[in-house]
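# For reference, the sequence and a predicted model appear below.
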Amino acid sequence: MNEFNRNLSAPLPSKNGISPSYIWLPEGHWENALTFLSAQLPDISPDIWRKRMDKKEVCDAHGNNLQAESPVKRGMCIYYYREIENETRVPFQEKILFEDEHLLVADKPHFLAVTPGGLYLRETLLVRLKVSTGIDHLSPLHRLDRETAGVILFSKQIQSRGAYQSLFQTRQIEKTYHALAAHLPLQSFPLCKSSRIEESKRFFMMHEVAGVANSKTLISVIDHRDNIDLYQLRPSTGKRHQLRLHMTSLGAPILNDQFYPVPKPVGNDDYSKPLKLLAKSIAFIDPINHQKREFHSEQSL
């Protein structure tokens, strides 16, 4: 049920930019491969599974093609391609800002997920870039929310990927975001906002709790626009939804935020109201050539 880890070798090739997904067999007994897949992935009909098997698009970890009656057992891993019928087209285009032997830097639009998941498969930045560039081993080096636009780095080479990933793990990356939110006349800037952020009981949401801080953001004001300010946010940690939570806790939720402070009903995206959060720039010392690298989004709020 996960997309295959592109650091490893998959028994199925990418298909139109989409890497195979996989599912492990847990404890239990199933008569055959079709019985197991139909039980675990009930949204896919048995007839569709049979057609995929006939096209040799379902196999085990060794690349052996599976048929409906193929025996299965605990610990086995089955590979297949995810498909989403009538996937909604995201009407905004990404742009490649920079590319060399090891890195690809993209400028992501609002509403476009970075990687496949849930309702998004072909309409994701990774799949679009893999199709347009033909780079099968392309892999994002960090996260960026679907609602957030801006600069994001991708690795092109498996051999050098770890060196770039270590920059994020050791906090050697400087990220700068821009955000639009309410003016805070009683607050002095710049300020350093720190808090402890943990997962909430609400699906996909985070919240601040008491305890030792595990998130930190330097916040300043760039421009005053009537009752709305343009803020610069510089996180030194990378907790999920950190910037959105920190602005909300100050009393200035980022404009058009569908999650904070109160989650809005899930529905179709309103493309006229993107989240006013932009990953404006990213800077680091390149671990390969030891040169200073800095990339800026061409978008603005």
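Thanks, I have it.
# could you pull out the helices for the chain?
Assigned by DSSP state H, the helices in the chain fall at 33-40, 46-54, 125-133, 158-169, 242-249.
# now these as CSV including mean pLDDT?
Formatted as CSV, the helices of the chain follow (pLDDT from 0 to 100):
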stretch, mean pLDDT
helix 33-40, 94
helix 46-54, 94
helix 125-133, 96
helix 158-169, 95
helix 242-249, 97
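# dump the residue contacts of the closest residue to residue 181 other than its chain neighbours.
If the residues on either side of it in the chain are set aside, residue 181 comes closest to residue 252, at 3.9 Å by Cβ to Cβ, 6 or more residues apart in numbering. Where you see a C-beta, it was placed from the backbone N, CA and C, and this is true even at glycine. By Cβ atoms under 8 Å, 6 or more residues apart in numbering, the contact set of residue 252 is 181-184, 229, 231.
# Please name whichever of the helices of the chain is nearest to residue 83.
For residue 83, the closest of the helices of the chain is helix 46-54, at 8.2 Å, according to Cβ to Cβ.
# Who are the packing partners of that closest one?
With contacts taken as 3 or more Cβ pairs under 8 Å, 6 or more residues apart in numbering; DSSP states H and E, helix 46-54 sits against helix 33-40.
# For the helix it packs on, give me every contacting residue.
Here helix 33-40 makes contact (Cβ under 8 Å, 6+ apart) with 1, 23, 25, 30, 44-46, 49-50, 53, 58, 66-72, 78, 80.
# What of stretch 221-233?
The contact list for stretch 221-233 (Cβ under 8 Å, 6+ apart) reads 176-184, 189-190, 217-220, 243, 246-247, 252, 255, 280, 301.
# got it, and stretch 237-246?
Applying Cβ under 8 Å, 6+ apart, the external contacts of stretch 237-246 come out as 142-143, 145, 168, 171, 177, 179, 193, 195, 197, 205-208, 214-217, 219, 233, 235, 253-254, 257, 259-260, 277.
# ok, now with 6 Å
With contact meaning Cβ atoms under 6 Å, 6 or more residues apart in numbering, stretch 237-246 is reached by 177, 193, 197, 206, 208, 215-217, 233, 235, 254, 257, 260.
# which of the residues you listed lies closest to residue 294?
Closest to residue 294, out of all of the contacts of stretch 237-246 and judged by Cβ to Cβ, is residue 177, at 14.7 Å.
# Could I have the buried ones of the contacts of residue 252 as PyMOL selection syntax?
Buried residues within these, by 16 or more other Cβ atoms under 10 Å, are selected in PyMOL with:
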select buried, resi 181+184+229+231
